[in-house]
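Peer 1: give me a model of this one.
(2 chains)
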Amino acid sequence: MMKLYDYILSPSCYKVRLMAALTGVKLDLRAVDFHPGLEHRGPELLALNPAGSIPILEDGDLLLTESSAMLVYLAAKAAPGWLAGSDAEEAARVQQWLSFSGRLTASLGGARLHEMLLRPGDIGVLQSQGIAALRELELGLVEQAERGKRFLAADRPTVADIACFPYVALAPDGGVSLDPYPAIRLWSRALRSLKGFIEMPGIHRLHELKPEPQLEAGGA
Amino acid sequence: MPSGTASSWVPVALSSDLPSGTVMPARIPAGPLALWRSQSGHVAASADRCPHRGMSLSHGFVRGETLSCIYHGWSYGQAGNCLRIPAHPGLTPPEAIRTVTHPVAEADGVIWIAVGEPAGTPPALAGLVPLRSLAAFAGIAAIEAAAGTRANAAGLLEAEDIRLLLSSAREGETLIHVLVEADASPAARIAAARAAEGLRRKAEDFQKKGAAR
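Peer 2: Model prediction:
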């Protein structure tokens, strides 16, 4: 079984858990004491990943330390429909947004670490870079809608959507509002409506998709 | 909405951005709103605050014809009255539990909120259709300066290359609805969506430099 060095509050780790859930892959989760233990900077994990970051995915001889590569690996193994098809434009869009997701991590993710774990940084700069990235994503989704496509690279979700979704959904943790982005709101809904979608703290499922819970009258 | 007008229709969102069974945040000068559309398609606007614990109702969810708070599930009808308190299933919620609601009109693909008591119906868009909404950290004056022309009393701004419907929700921030000709080609629509980004950059630049004051 693939082994994921995981931290429940890490959006990058969540990308891999989410992709695995959506593609029906079982992961052996190994919890890392990221905070406050800084276990990812300890000798055992540095031996696996000298960069000192998580997630880390191990599958036999294969050792991955970049979340986008993990998404591609999971999809290629279990559900290739999540990868780009043979269309050149679609393939390019997948790569475009996979690379772009790194900017979301640096900006919105940096603002979130600053606000939640007091990581040093210029919060004003991180937030305005985050807003710039959200605006770029919003325009990308508006354009895709004009092309009749609901997701970043195609009319079906791909690894690119999963790479971008978590840091966007958690932008408010870093003090960046998601209110002014209607296309991002609809895209987020579409992703959270997917069969097999799982939550992480701060990203909840769509309650309306579940039947209304009924309590017996008089019980309260 | 032109500033300084006591009563008017405020364009807060596009119909296409609020599908049936969803809720979104919106803003009028009086404050934040939860704007929602029931399963059967009715749009309603309530103050964005659950009377129970103050949670934003725009974080909630729509089931059938009711808006529910994400926190404890209190459910409200379009008139703002509380219909259900899940922790007290046998209780018919008292009339006094209600959210503040605002009259809504939907026309030409735009959702309008009545602020004050505007006479008549929302302004017509005359052959134009809405394309997208975007928020700018710039007042209407800065957007007019960036576009090189003024908006009319209804908030409609028609420049040579772009048409906008402007809604000023708070000081220094404007909600811009981009409009296009009803028969615009897909390429023209995408071009207009991109052009709005450039206009926003320019307007925000003016706003920062205070050039629009």
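
Peer 1: quick one: the helices in chain B?
Peer 2: For chain B, the helices defined by DSSP state H occupy B:140-147, B:186-209.

Peer 1: format those as a markdown table; extra columns: mean pLDDT and mean neighbour count.
Peer 2: Yep, even glycine has a C-beta here, placed from its N, CA and C like the rest. As requested, those are exported to a markdown table (pLDDT from 0 to 100; neighbours: other C-beta atoms under 10 Å in any protein chain shown):
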| stretch | mean pLDDT | mean neighbour count |
| --- | --- | --- |
| helix B:140-147 | 96 | 22 |
| helix B:186-209 | 96 | 17 |
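
Peer 1: can I get the ones you listed in CSV with distance to residue B:58?
Peer 2: Formatted as CSV, the helices of chain B follow (distance: least, C-beta to C-beta, whole Å):
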stretch, distance to residue B:58
helix B:140-147, 24
helix B:186-209, 23
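
Peer 1: looking at those, which is closest to chain A?
Peer 2: Closest of the helices of chain B to chain A is helix B:186-209, at 5.0 Å (criterion: C-beta to the nearest C-beta).

Peer 1: what about that closest one and chain A, any contact?
Peer 2: Yes - residues of helix B:186-209 contacting chain A under C-beta under 8 Å from any C-beta of the partner chain: B:186, B:189, B:190, B:193, B:194, B:197.

Peer 1: what is the nearest of the residues you listed to residue B:134?
Peer 2: Comparing the residues of helix B:186-209 next to chain A against residue B:134 with C-beta to C-beta places residue B:197 closest, at 7.7 Å.

Peer 1: the closest one touches residue A:140, doesn't it?
Peer 2: No - the pair residue B:197 / residue A:140 is not scored as a contact, 11.2 Å apart, by C-beta atoms under 8 Å.

Peer 1: what do the two both touch?
Peer 2: Common contact partners of residue B:197 and residue A:140 (C-beta atoms under 8 Å, 6 or more residues apart in numbering or on different chains): none.

Peer 1: near chain A, which residues of chain B?
Peer 2: B:13-14, B:17, B:19, B:21-22, B:24-25, B:27, B:58, B:61-63, B:68, B:70, B:86-90, B:131-135, B:175, B:186, B:189-190, B:193-194, B:197.

Peer 1: list the contacts for residue A:7?
Peer 2: A:13, A:31, A:32, A:34, A:35, A:40, A:54, A:55.

Peer 1: touching, the third one and residue A:4? I think so.
Peer 2: No - in this structure residue A:32 lies outside contact range of residue A:4 using C-beta under 8 Å: 9.6 Å.

Peer 1: and the strands in chain A?
Peer 2: Secondary structure of chain A (DSSP state E): strands at A:2-6, A:27-31, A:56-59, A:62-64.

Peer 1: and the third one, how far out from the chain middle?
Peer 2: When distances are taken as C-alpha atoms, centre = their mean, to the nearest Å, strand A:56-59 is centred 17 Å away from the chain's centroid.

Peer 1: that one pairs with which strands, parallel or anti?
Peer 2: Here strand A:56-59 is paired, per DSSP bridges, with strand A:2-6 (antiparallel), strand A:62-64 (antiparallel).

Peer 1: pick the most buried one from the ones you listed.
Peer 2: Most buried of the strands paired with strand A:56-59 by mean neighbour count (mean count of other C-beta atoms under 10 Å in any protein chain shown) is strand A:2-6; its value is a mean of 21.

Peer 1: got a list of contacts for that strand?
Peer 2: So strand A:2-6 is in contact with A:13, A:16-17, A:20, A:25-32, A:40, A:45, A:48, A:54-59, A:70, A:74, going by C-beta under 8 Å, 6+ apart.

Peer 1: buried subset of those residues as a ChimeraX selection?
Peer 2: Selection of buried members from the contacts of strand A:2-6 for ChimeraX, criterion 16 or more other C-beta atoms under 10 Å in any protein chain shown:
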select /A:13,16,17,20,25,27,29,32,40,45,54,55,56,57,58,59,70,74
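
Peer 1: which of the residues of chain B next to chain A count as buried?
Peer 2: For the residues of chain B next to chain A, buried by 16+ other C-beta under 10 Å: B:13-14, B:17, B:21-22, B:24-25, B:27, B:58, B:61-63, B:68, B:70, B:86, B:131-135, B:175, B:189-190, B:193, B:197.

Peer 1: now, which of the residues you listed lie within strands?
Peer 2: Among these, the members found in strands (DSSP E) are B:13-14, B:22, B:24-25, B:27, B:61-63, B:68, B:131-135, B:175.

Peer 1: buried set for the helix or strand of chain B with the lowest mean pLDDT?
Peer 2: Taking mean pLDDT, DSSP states H and E as the measure, the helix or strand of chain B with the lowest value is strand B:163-170, at a mean of 91. Residues of strand B:163-170 classed as buried: B:163, B:164, B:165, B:166, B:167, B:168, B:169 (neighbour count, 16+ other C-beta under 10 Å).

Peer 1: stretch A:165-177 too?
Peer 2: A:165, A:166, A:167, A:168, A:169, A:170, A:171, A:172, A:173, A:174, A:175, A:176.

Peer 1: one more: stretch A:181-196?
Peer 2: A:181, A:182, A:183, A:184, A:185, A:186, A:187, A:188, A:191, A:192.

Peer 1: let's have those in TSV, adding pLDDT.
Peer 2: Below are these laid out as TSV (pLDDT from 0 to 100):
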residue	pLDDT
A:181	98
A:182	98
A:183	98
A:184	98
A:185	98
A:186	98
A:187	98
A:188	98
A:191	98
A:192	97
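
Peer 1: tell me the one of the residues you listed nearest residue B:208?
Peer 2: Distances from residue B:208 to the buried residues of stretch A:181-196, taken by C-beta to C-beta, are shortest for residue A:181, at 21.6 Å.

Peer 1: quick check: the closest one touching residue A:138?
Peer 2: Yes - contact status for residue A:181 versus residue A:138: in contact at 4.7 Å, counting by C-beta under 8 Å.

Peer 1: tell me where chain A has helices.
Peer 2: Remark: helices assigned in chain A by DSSP H are A:11-23, A:43-48, A:67-78, A:88-104, A:110-117, A:123-146, A:159-169, A:182-192.

Peer 1: export the longest one as CSV, just CAs?
Peer 2: Listed in CSV are the C-alpha atoms of helix A:123-146, where the atom choice follows Å, rounded to 0.1, in the frame of the first residue of the first chain:
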residue,chain,number,x,y,z
ILE,A,123,1.3,39.5,5.5
GLY,A,124,0.2,42.4,3.3
VAL,A,125,2.4,41.2,0.4
LEU,A,126,1.3,37.6,0.8
GLN,A,127,-2.4,38.6,0.8
SER,A,128,-2.1,40.9,-2.2
GLN,A,129,-0.2,38.1,-4.1
GLY,A,130,-3.0,35.8,-3.0
ILE,A,131,-5.7,38.1,-4.4
ALA,A,132,-3.8,38.5,-7.7
ALA,A,133,-3.7,34.6,-7.9
LEU,A,134,-7.4,34.3,-7.1
ARG,A,135,-8.2,36.9,-9.8
GLU,A,136,-6.2,34.9,-12.3
LEU,A,137,-8.0,31.7,-11.4
GLU,A,138,-11.4,33.5,-11.5
LEU,A,139,-10.7,34.8,-15.0
GLY,A,140,-9.5,31.3,-16.1
LEU,A,141,-12.8,29.8,-14.9
VAL,A,142,-14.9,32.5,-16.5
GLU,A,143,-13.1,31.8,-19.8
GLN,A,144,-13.6,28.1,-19.4
ALA,A,145,-17.3,28.6,-18.8
GLU,A,146,-17.4,30.5,-22.1
